[in-house]
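Asker: just coords:
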């Protein structure tokens, strides 16, 4: 369980936050480059109603276009918000199902139309179905470190959802800082409590950089025993149903840091930098990621 | 020695990196606002030849304009590169002298016209004179974590300079990541070694955010026992004599993080945010700091 896993969420969390819908062919080209770079997991899209998030309308088509041979050693994940999404994902070849519950009642209602309690019951049932179908599953707690609508989120509320996941036998758990409110001390405390409950599980983190603490929170999480990191090419990202959220930590910046630290040296950083540059050119604006602008250090 | 100290270096490290020379009256207004916000130390400018860095030509005048009463509880620091600078600083009311040696021979030559060895001898002598004159002194090692010209900097070279400082009785020591090459593991190791040599000294860190690791490095430093943090309003900054350097970590982002963490809650964040916004408006471009754009969290 110790190895570091990078989960690229740009094609989902990044592109869903953009006004402009990216053509399917362009998405496919970027995803193929990210797979070729050797990233561990790439999130292709989310199975949400196409009228609610038109940017994600082609998720099923993308999975079908990426056959087993073209996936190489990369796991392709898809985000599922309800039973209908699970059905779509099972039909189109999702390797890893990502399902989540928001710890914020307000964010949960805005994001899914369900309160946290109902979402928890339905998401755990859907996760069980995905496991029964032989698929990999990761469950998450969204707004785990604070909410743009509700402010502070009590840790016990996050831990209650985590306990429900553990009781259902779900052992790959991600905490998402949807609004970017987390700070390093909080990250260490909360992940520390979870890994005390269940030391053998895989913990993953997902930080938005709204207040400039994204990378510091990743480092704090790694010091707590977290080994999964969700990041986005060029630092794109943001939930369309939250308030004041900036992008995710940039994948190229994390891969660069891990290479400099000697912790993951074999990932194709140049390929990821190239995608980030294409993404910046495509949207025609300055992106938050650093290394695609400076170029990587040669050592 | 445990309390956290924030050293605002924007008026020096920030403004020296800008093409445009800021009028003295405008600098004074910003410095007065930073003092009013209750920052621990504010670096007013550097005593460098006005033809070499015209942005700093008014440093003496700024110190003279800031009399003891207008400094409140804030210490005003000035950067000194040689004996002439020391003489100017002693004559105009510098509270804290900051003097440094670059661990990179190439950077040292470009920045000061002296190699590291000569710079070390002369800087330690000048520091001794400042101490003898009853002033506070902080000594630093620049390019301590890597150099844009030379690449990796051997830790022993940094430790040799630190040992020379300690032998000279200088116990407030800053390591500057001039080019932004540091990563958190390196930060912990190097500061850990220094604090093993001399556990009772005050260690300070100064990180540029070139590769997106500035705040993560601050967190790593704090976990190693570092209690001094040099940051710059709006995230301005960069040495004019280095290669590919981005700005410093933004003061408002660090003060916001410390307030969220409960570690420093009394600093006037709103005043710092206001200065950062004025700075961004003055230069008319997007600045790297986050919190002056999003506004602080109310909790």
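Answerer: It's in. All of these numbers come straight from a predicted model, not from anything done at the bench. Numbers count the residues shown, from 1 in each chain, chains lettered A, B, ... in the order given.
Asker: gap between residue A:23 and residue A:276?
Answerer: When Cβ to Cβ, to the nearest Å is applied, the distance between residue A:23 and residue A:276 equals 18 Å. Using the backbone N, CA and C atoms, a C-beta is placed for each residue, glycine as well.
Asker: oh sorry, the question was meant for residue A:46
Answerer: Summarising the geometry, the distance separating residue A:46 from residue A:276, computed by Cβ to Cβ, is 21 Å.
Asker: if we can go back for a sec, which of residue A:23 and residue A:276 has more neighbours?
Answerer: residue A:276 (27 against 11; other Cβ atoms under 10 Å in any protein chain shown).
Asker: For the helix or strand containing the more buried one, which helices and strands make contact with it?
Answerer: Residue A:276 is part of helix A:269-283, with elements assigned from DSSP states H and E. Counting contacts by 3 or more Cβ pairs under 8 Å, 6 or more residues apart in numbering or on different chains; DSSP states H and E, helix A:269-283 is packed against helix A:24-36, helix A:251-260, helix A:291-294.
Asker: What segments of the stretch 1-150 of chain A are helices?
Answerer: A:24-36, A:59-65, A:83-91, A:105-112, A:116-132 (DSSP state H, counting those that start in this stretch).
Asker: Could you figure out how far the longest one is turned away from helix A:83-91?
Answerer: If you take axes from the mean of the first three to the mean of the last three Cα atoms, to 10 degrees, helix A:116-132 sits at 20 degrees to helix A:83-91.
Asker: contact partners of helix A:116-132?
Answerer: The contact list for helix A:116-132, computed with Cβ atoms under 8 Å, 6 or more residues apart in numbering or on different chains, reads A:80, A:82-83, A:85-86, A:89-90, A:97, A:99-105, A:108, A:112, A:114, A:137, A:139, A:157, A:161, A:164-165, A:168-170.
Asker: Out of these, which end up buried?
Answerer: Among these, the ones that count as buried by 16 or more other Cβ atoms under 10 Å in any protein chain shown are A:80, A:82, A:85-86, A:89-90, A:97, A:99-105, A:108, A:112, A:114, A:137, A:139, A:157, A:161, A:164-165, A:168, A:170.
Asker: Which of these fall within strands?
Answerer: When the buried ones among the contacts of helix A:116-132 are checked against strands (DSSP state E), the matches are A:80, A:97, A:99, A:100, A:101, A:102, A:137, A:139.
Asker: just the residues you listed that are near chain B?
Answerer: Residues of these in contact with chain B (Cβ under 8 Å from any Cβ of the partner chain): none.
Asker: show me where the stretch 151-299 of chain A has helices.
Answerer: Using DSSP H, counting those that start in this stretch, the helices found in the stretch 151-299 of chain A span residues A:155-167, A:184-197, A:214-223, A:251-260, A:269-283, A:291-294.
Asker: what would those look like in CSV with mean pLDDT?
Answerer: What follows is the helices of the stretch 151-299 of chain A, written out as CSV (pLDDT from 0 to 100):
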stretch, mean pLDDT
helix A:155-167, 98
helix A:184-197, 98
helix A:214-223, 98
helix A:251-260, 98
helix A:269-283, 97
helix A:291-294, 94
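Asker: May I see these organised as CSV, with distance to residue B:284 added?
Answerer: As requested, the helices of the stretch 151-299 of chain A are arranged in CSV below (distance: least, Cβ to Cβ, whole Å):
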stretch, distance to residue B:284
helix A:155-167, 42
helix A:184-197, 33
helix A:214-223, 27
helix A:251-260, 27
helix A:269-283, 22
helix A:291-294, 20
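Asker: Around chain B, which positions in the stretch 51-200 of chain A sit nearby?
Answerer: Taking Cβ under 8 Å from any Cβ as the test, the list of the stretch 51-200 of chain A residues beside chain B reads A:146, A:151, A:152, A:181, A:183, A:184, A:185, A:186.
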